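Trainee: next come a sequence and a model predicted from it.
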Amino acid sequence: MWLIPVVFAALFSAAPAAAQTNNIALAAYADKAPEPGGEVDVALVFTPAPGWHGYWSNPGDAGVGLRINWTLPEGWQAGEPDFPVPETLVISGLMNHVYESPHAVIVPLRVPAGADLTTPPVVSAKLDWLACTDRICVPERGEIRLDFAGPAALAPEARFEQWRAGLPPLIDQHATYEVAGDELRLAIPLPAAMDLGEPHLFIEQRQIGAGQSVAYAAPQTFRRAGDMLVAQVPLKGSAAGEGGPEMLEGILSFGKDGRGVRFVAEPGTVTGLDAPVIAGAAREVPSLAFLIGAALLGGLILNLMPCVFPILSLKALTLARAG
């Protein structure tokens with residue numbers, strides 16, 4: 001059973017607080033002081049406690065993504081958050097897109113050309129996220145405040161470059177996608193010599209067309225067609241109509257080391273489906289016979305456990321009375 005405790009609220013300054021009440025600590029830094037017509041990157045640094053994890057913007061089969069409510073000076077605008085490559089976590093057949101280690105989400109803030117910076121500006125935000133273990137989940141909340149009058153708001157350059165290096169770069173060419181029945185197909189331009197490791201696709205959109213979404217825990221198939229990586233991703237649900245989103249976005253992960261690339265795909269025709277499957281890239285689904293055998297073995301083991309003996313004796317008495 002999942003327990004949902006009371007929400008914990010905490011106030012976080014630009015520098016890390018001395019004591020945290022959340023299971024995922026939060027701190028915020030800017031990369032430089034604001035200038036009229038310029039852009040300031042804000043790093044939201046999350047540090048999960050051992051055994052806890054947070055979620056990507058699309059959390060997968062379960063979970064909740066990060067929500068940010070900015071309070072900005074007049075004319076300032078916040079761009080879309082840029083996330084590092086998430087990891088997959090499968091619990092009870094449900095796949096989640098998570099972060100189990102410290103990580104930074106970077107958000108660009110655009111400063112208007114006519115901004116009056118004679119008075120140092122203050123940027124603040126309220127954030128909500130979900131912190132989970134493999135047994136419980138806790139909704140958490142934090143606040144950040146960046147006061148550019150003091151040096152605490154600015155992160156040392158080395159740390160900020162490290163956080164930037166953790167973000168997957170955007171491919172400079174558009175990928176192509178199409179929906180064919182219960183399958184999403186993508187053709188992603190990548191050099192044939194690139195080492196793909198153990199590829200996995202994280203799709204940003206939760207809905208792929210009307211009535212369909214990604215079957216996150218299902219095996220994904222990858223093929224190499226020259227300088228094009230062709231992916232087949234199973235979908236679930238019933239298509240209620242034609243078409244999909246104008247643009248499909250996501251991250252292609254290369255494995256457990258945090259490497260990957262970000263892509264934007266537009267509708268089109270995907271070719272290369274006759275190319276050979278990349279060895280090790282398609283996970284095999286256990287056969288039906290294997291699953292039935294495993295279920296029978298599990299039932300046998302369960303009935304031989306000492307905690308089941310009292311139940312077996314009650315069943316025996318019931319059968320004896322019936323006879």
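Mentor: Done, it's in.
Trainee: what comes up buried for stretch 111-118?
Mentor: 111, 115 (16 or more other Cβ atoms under 10 Å). (C-beta placed from N, C-alpha, C; glycine too.)
Trainee: residue 60 pairs with what?
Mentor: residue 96 (DSSP bridges).
Trainee: and what of residue 251?
Mentor: residue 202, residue 262.
Trainee: what's the answer for residue 126, then?
Mentor: Assigned bridge partners for residue 126, using DSSP bridges, are residue 69, residue 143.
Trainee: for it, what are its contacts?
Mentor: Applying Cβ atoms under 8 Å, 6 or more residues apart in numbering to residue 126 gives the contacts 68-69, 71, 141-143.
Trainee: for residue 52, same thing?
Mentor: Residue 52 sits in contact with 23-24, 100, 131-133, where contact means Cβ under 8 Å, 6+ apart.
Trainee: go with 7 Å
Mentor: 23-24, 131-133 (Cβ atoms under 7 Å, 6 or more residues apart in numbering).
Trainee: again, but for residue 48
Mentor: 23-24, 54, 99-100.
Trainee: thinking again about what came up before, scan the contacts of residue 52 and report the most crowded one.
Mentor: For the contacts of residue 52, the largest number of neighbours (other Cβ atoms under 10 Å) sits with residue 132, at 26 neighbours.
Trainee: ok, back up a step: tell me which of the contacts of residue 52 is nearest to residue 204?
Mentor: residue 132 (20.6 Å; Cβ to Cβ).
Trainee: so for this structure, the centremost residue is which one?
Mentor: Among the residues of the chain, the one closest to the centroid is residue 56, at 2.5 Å (Cα atoms, centre = their mean).
Trainee: can you read off the pLDDT for that residue?
Mentor: In this model, residue 56 is scored at 97, pLDDT.
Trainee: mind saving the C-alpha coords of the strand or helix carrying it as CSV?
Mentor: Under the criterion of DSSP states H and E, residue 56 resides in strand 54-60. What follows is strand 54-60, C-alpha atoms only, in CSV (Å, rounded to 0.1, in the frame of the first residue of the first chain):
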residue,chain,number,x,y,z
GLY,A,54,12.4,12.4,-8.3
TYR,A,55,10.8,12.5,-11.8
TRP,A,56,11.4,13.7,-15.3
SER,A,57,8.9,16.1,-16.9
ASN,A,58,7.0,13.0,-18.2
PRO,A,59,7.2,10.7,-15.2
GLY,A,60,6.1,7.6,-17.1
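Trainee: what comes into contact with it?
Mentor: Contacts of strand 54-60 (Cβ under 7 Å, 6+ apart): 24, 46, 48, 63-66, 83, 86, 95-99, 129-131, 202-204, 206, 216.
Trainee: can I get the contacts of residue 48 in CSV with distance to residue 171?
Mentor: What follows is these, written out as CSV (distance: Cβ to Cβ, whole Å):
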residue, distance to residue 171
23, 35
24, 30
54, 26
99, 22
100, 26
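Trainee: just the residues you listed: which are in strands?
Mentor: Judged by DSSP state E, those include 24, 54, 99 as members of strands.
Trainee: one step back: quick check on the contacts of strand 54-60: which are buried?
Mentor: Using 16+ other Cβ under 10 Å as the threshold, 24, 46, 48, 63, 65-66, 83, 86, 95-99, 129-131, 202-204, 216 are the buried ones among those.
Trainee: what pLDDT is listed against the closest residue to residue 133 other than its chain neighbours?
Mentor: In this structure, residue 133 finds its nearest non-sequential neighbour in residue 51, 5.2 Å apart by Cβ to Cβ, 6 or more residues apart in numbering. pLDDT for residue 51: 95.
Trainee: roughly how far apart are residue 51 and residue 131?
Mentor: 10 Å (Cβ to Cβ, to the nearest Å).
Trainee: likewise for residue 218?
Mentor: For residue 218 relative to residue 131 (Cβ to Cβ), the value is 27 Å.
Trainee: quick one, helices of the chain?
Mentor: For the chain, applying DSSP state H gives helices covering 157-165, 288-303, 309-322.
Trainee: I figured residue 40 was touching residue 32, is that so?
Mentor: Yes. Proximity of residue 40 to residue 32 meets the contact threshold set by Cβ atoms under 7 Å, at 6.3 Å.
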